[in-house]
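In: Dropping a prediction and its sequence here:
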Amino acid sequence: MTSPAADPAAGPAGTVITSVTGPAGSAGTAGASSVASIPLTSVFVRLKLSLLRNGLKGSSKRKAAYFSTLAFALIVGFFVTLGLALLHGNAHAGTVVVLLAAVLALGWAFMPLFFPAGDETLDPSRLVMLPLRPRPLVRALLASSLVGIGPLFTLCLAVGSVLAVARGAAGAVAAVVAAPLLVLGCVTLARAMATANVRLLTSRKGRDLAVLSGLLIAVGGQLANFASQSLFQAGGLASLEPVEAVVRWLPPATAVGMVDSASEGAYGVAAAQLALTLAAVAGPLWFWERSLTKLMVTPDGSTITAARPMKDRGAGGLWSLLPGGRTGATMQRTLRYAVRDPKTKAAWVTALAIGLIIPVFNALQGTGSVYLGCFGAGMLGMQMYNQFGQDTSAFWMVAQTISSTHDAYVELRARAAALALVTVPYTVLVTVITAAVIGDWSALPAATGLALALLGSMLCTGALASARFPYSIPSDGAFKNVAPGQGGLAWAGIFAGLLVSAVISAPVIALTIWLQVGDHQGISWIVLPLGVVWGLLAAWAGLRLAAPKVARQLPEILWAVSKG
C-alpha cells in the first residue's frame, strides 16, 4: 500500500507520493530526495518518445498505421489551417473558429474515455511505487502529453483559428498567446478527465466504453449530418451567432474569443476572456493534482476481498418467464452475452441505434419512408450470423451437450428465439415511430409485415451461415472483429446471407410492390399476416437445414471459432 509523506519545506503541494512505509527520515527521505533531484519533465518526455519508438519495432503493420496516420494528420491539418486562415476578414470567421474550439475541447475531454488504450501513459497508477511529488509529476505528465499526433493536429487547428480572427498588432499579440493556451487547455482537460476516471478506464466497463466508441462515432455522424442540413435550411452560419455569443465565454474557446475581441479593440473584454482561459488551465491542473494524489495513495478496490455473499442471479425474476430445459438456458446465455460481453454488446447496441436513427432521421428530413423500418430488422437480423463465433473457444462446452441433430436444432432455435425476443418488438416500434413521423399510417401494416418477413429470412440465412462460415472474434482490440485469415469467411457469410435473404423475401416484396403500384391500398394489410407466416416458415426451414451441418461438424466449428 502507498502512503503520503509530508515535506515540511514544500507544504501541502509538496506531498511526496511514495511507496516507502518506514519511518520518516531514513531510507524513505533519502530515496525521495534522490528522485526529487531528477529532472522529471525531460525524463518523461524521453519516456514518451521511447514508448512511441519501441511500439513500432518488430511490426511493419504498426509502422505503416502510425506513419500513415501521421501523414494524414499533417495533410489534413495543413489544409484545415489554410482554410481557416483564408476565412480572415469573413463576417462569420469568429463564429466558425469559436465553435470549432469548443468542439475540439469536448473531443479532448471525452475521447480518453473511449480510447484509453491509445496512450500508454494515461494510467498514472503505474508510477505508484515511485517516490514522486504530485506537482513535478503533473508537470512531467503534461509535457509528455504534448508529444504526439493529437497535440500536433490540435496546434494546427489552433494556429488556423487565431489566424482567421487576428487583425492588427493587438490581435497578433493575442494570437501568439491564444494558440498555445488553447492546446494547453485541451490537453490539461483530457489529462484531468483521464486521471479522475482511470479506475473506470482499466475496468471492464472502460473496455465496454472503448468498444462502444464506434457507436458514438456513427450516431455523432448522423447527428452532424442532420444538424448541417437543418443549419443550411435555417439561414446558414448567421443562425449560429447567438450560440457563438455564449460559447466564446466558455473556456477554452475563450482563447479564440480573446483574439477576436482584441482585434476589435475591446481590450477589457479580451482581458476578461484571457483571465477565464488561464483559470480554465489552472483549474484542471489543480483538479488533476488532487486526483493524482488520491489515486496513488488509495488502495485499488480490486485488492479488497468482498465480504458480501454471492447472490443467486440465475433463478427468479424475468428469467423465470423463459421456457424450461435447454431452450430457456440457451436463451438466457445468449441474452447475457448481449449484456456482458463487450464485442456482443457493441454489435447489439450499434444495431439498435443505427436501425432507429436511419429511418427516423430520414423521416425528419422529409425523405423517409415507412418501409425503412426494414432497416432496423436487417441490422438486428445480422446478429444471427456467426452465432458460434460469439462463444469463441468456450464453444467446446456447448459442443459437449450436442449429440444429435435434434440437439443442434434446439440450440439454434433457442438462439434465434432470444434474438427474436428483442428484434420483433423493436422492429414494430421502429416502424410505428417512422409512420408517426411521416404521418403515413395506411402503409404501417404492409411495412411491418415486410420487415418481419425479412427478419425471418435473415434468421434462416444466419443459421446457415453460422453452420457453414463460422469464424473467430478476437477478444482483444476494440475494432478487430475477425481473426487474421478469416476475413473471407466473414464477408462470404454476410454477403451471401444478405443476398439469399432478399431472394427468400422476394415474394413478399413483390406482393407489396404490386399492391402499392396497382393502387390496392385497401387490402395492403394482408401483407402483415402473410409476412409473419412467411418469416416463421423461413426461419424454421433455415434452422432445420443448418442443424445437421452443425451436428456433423462440431470439431471443425470449434477449431474455426477458437483462432482468436
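Out: Arrived safely.
In: domain assignment for this structure?
Out: 59-300, 323-561 (automatic domain parsing).
In: could I get these as JSON lines with distance to Lys48?
Out: For the C-beta atoms, the positions are set from N, CA and C on the backbone; glycine is no exception. Output for those, formatted as JSON lines (distance: least, Cβ to Cβ, whole Å):
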{"stretch": "domain 59-300", "distance to Lys48": "4"}
{"stretch": "domain 323-561", "distance to Lys48": "22"}
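In: looking at those, which one has the lowest mean pLDDT?
Out: Among these, domain 59-300 has the lowest mean pLDDT, at a mean of 78.
In: Output the contacting helices and strands for the longest helix anywhere in the chain.
Out: For the chain, the longest helix by residue count, based on DSSP state H, is helix 405-438. Where contact means 3 or more Cβ pairs under 8 Å, 6 or more residues apart in numbering; DSSP states H and E, helix 405-438 is packed against helix 325-340, helix 342-364, helix 373-381, helix 444-468, helix 527-552.
In: now for these, which one comes closest to Met193?
Out: helix 342-364 (21.2 Å; Cβ to Cβ).
In: about what we covered before: got the domains of the chain as a markdown table, with distance to Val43 and mean neighbour count columns?
Out: What follows is the domains of the chain, written out as a markdown table (distance: least, Cβ to Cβ, whole Å; neighbours: other Cβ atoms under 10 Å):
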| stretch | distance to Val43 | mean neighbour count |
| --- | --- | --- |
| domain 59-300 | 7 | 18 |
| domain 323-561 | 30 | 19 |
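In: Out of the ones you listed, the one nearest Thr41 is which?
Out: So among the domains of the chain, domain 59-300 is nearest, using Cβ to Cβ, at 4.7 Å.
In: CA atoms of stretch 331-346 as PDB?
Out: In PDB, the C-alpha atoms belonging to stretch 331-346 read as follows (Å, rounded to 0.1, in the frame of the first residue of the first chain):
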ATOM      1  CA  MET A 331     -31.800 -18.100 -24.500                       C
ATOM      2  CA  GLN A 332     -30.600 -16.800 -21.100                       C
ATOM      3  CA  ARG A 333     -27.000 -17.400 -22.100                       C
ATOM      4  CA  THR A 334     -27.500 -15.600 -25.400                       C
ATOM      5  CA  LEU A 335     -29.100 -12.600 -23.700                       C
ATOM      6  CA  ARG A 336     -26.400 -12.500 -21.000                       C
ATOM      7  CA  TYR A 337     -23.800 -12.400 -23.700                       C
ATOM      8  CA  ALA A 338     -25.600  -9.400 -25.300                       C
ATOM      9  CA  VAL A 339     -25.400  -7.500 -21.900                       C
ATOM     10  CA  ARG A 340     -21.900  -8.600 -20.600                       C
ATOM     11  CA  ASP A 341     -19.600  -9.500 -23.500                       C
ATOM     12  CA  PRO A 342     -18.100  -6.200 -24.800                       C
ATOM     13  CA  LYS A 343     -18.000  -7.300 -28.500                       C
ATOM     14  CA  THR A 344     -21.500  -8.700 -28.500                       C
ATOM     15  CA  LYS A 345     -22.800  -5.700 -26.600                       C
ATOM     16  CA  ALA A 346     -21.300  -3.300 -29.100                       C
END
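In: Can you lay out the helices and strands packed on helix 405-438 as CSV showing distance to Pro151?
Out: Listed next are the helices and strands packed on helix 405-438 as CSV, based on distance: least, Cβ to Cβ, whole Å:
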stretch, distance to Pro151
helix 325-340, 36
helix 342-364, 29
helix 373-381, 37
helix 444-468, 45
helix 527-552, 52
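In: The longest helix of the chain vs helix 527-552, what angle?
Out: Orientation check (axes from the mean of the first three to the mean of the last three Cα atoms, to 10 degrees): helix 405-438 against helix 527-552 gives 150 degrees.
In: and the angle from helix 405-438 to helix 342-364?
Out: Using the same axes, to 10 degrees: helix 405-438 against helix 342-364 is 30 degrees.
In: residue contacts, Val138?
Out: Neighbour list for Val138: Leu285, Trp288, Glu289, Leu292 [criterion: Cβ atoms under 8 Å, 6 or more residues apart in numbering].
In: ok, these vs Ala363, which is closest?
Out: Of all the contacts of Val138, the one with the least separation from Ala363 (Cβ to Cβ) is Trp288, at 44.8 Å.
In: Contacts only, for that closest one.
Out: Val138, Thr188, Arg191, Ala192, Thr195.
In: And Met331, by the same measure?
Out: The contact partners of Met331, taken as Cβ under 8 Å, 6+ apart, are Leu322, Pro323, Ala414, Arg415, Ala417, Ala418, Leu421.
In: Repeat that for Ala253.
Out: Contacts here follow Cβ under 8 Å, 6+ apart; on that basis Ala253 touches Val98, Leu99, Ala101, Ala102, Ala105, Val247.
In: Would you list the phi and psi of the second one?
Out: Translated: Leu99. Reported as degrees, to the nearest 10, the phi and psi values for Leu99 are phi -70, psi -40.
In: Isn't it up against Val243?
Out: Yes. Between Leu99 and Val243 there is a contact at 7.1 Å, judged by Cβ atoms under 8 Å.
In: Run through the strands of this structure in chain order.
Out: Secondary structure of the chain (DSSP state E): strands located at 3-5, 16-18.
In: before we move on, back to that, in helices only, show me the contacts of Val138.
Out: Among these, the members falling in helices (DSSP H) are Leu285, Trp288, Glu289, Leu292.
In: Give me the distance between the second one and Leu274.
Out: When you say that, I think you mean Trp288. As judged by Cβ to Cβ, to the nearest Å, Trp288 and Leu274 stand 21 Å apart.
In: Over to the last one?
Out: Leu292 sits 27 Å away from Leu274 when distances are taken as Cβ to Cβ.
In: re the thing from before, let me have the contacts of Val138 in CSV, extended by distance to Leu40.
Out: Converted to CSV, these look like this (distance: Cβ to Cβ, whole Å):
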residue, distance to Leu40
Leu285, 16
Trp288, 15
Glu289, 14
Leu292, 13
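In: And the residues you listed, which is closest to Gln516?
Out: Among those, Trp288 lies closest to Gln516 (Cβ to Cβ), at 60.9 Å.
In: Spatially nearest residue to that closest one, not counting backbone neighbours?
Out: Among residues not flanking Trp288 along the chain, Ala192 sits closest, at 4.1 Å (Cβ to Cβ, 6 or more residues apart in numbering).
In: before we move on, the earlier item: common neighbours of Leu99 and Val243, please.
Out: Common neighbours of Leu99 and Val243 (Cβ under 8 Å, 6+ apart) do not exist.
In: which one is Gln390 nearest to, not counting chain neighbours?
Out: In space, and not counting its chain neighbours, Gln390 is closest to Thr344: 5.5 Å by Cβ to Cβ, 6+ apart.
In: In this structure that neighbour contacts Thr392, no?
Out: No. With contact defined as Cβ under 8 Å, Thr344 does not count as touching Thr392 (10.5 Å).
In: that older thread, which one of the ones in helices among the contacts of Val138 sits closest to Val370?
Out: Nearest member of those to Val370, counting by Cβ to Cβ, is Trp288, at 51.4 Å.
In: Which residues are in contact with the residue nearest to Leu464 when sequence neighbours are not counted?
Out: Leaving aside its chain neighbours, Leu464 sits nearest to Ala546 (4.9 Å; criterion: Cβ to Cβ, 6+ apart). Applying Cβ under 8 Å, 6+ apart to Ala546 gives the contacts Ala408, Leu412, Ala463, Leu464, Ser466, Ala467, Arg468.
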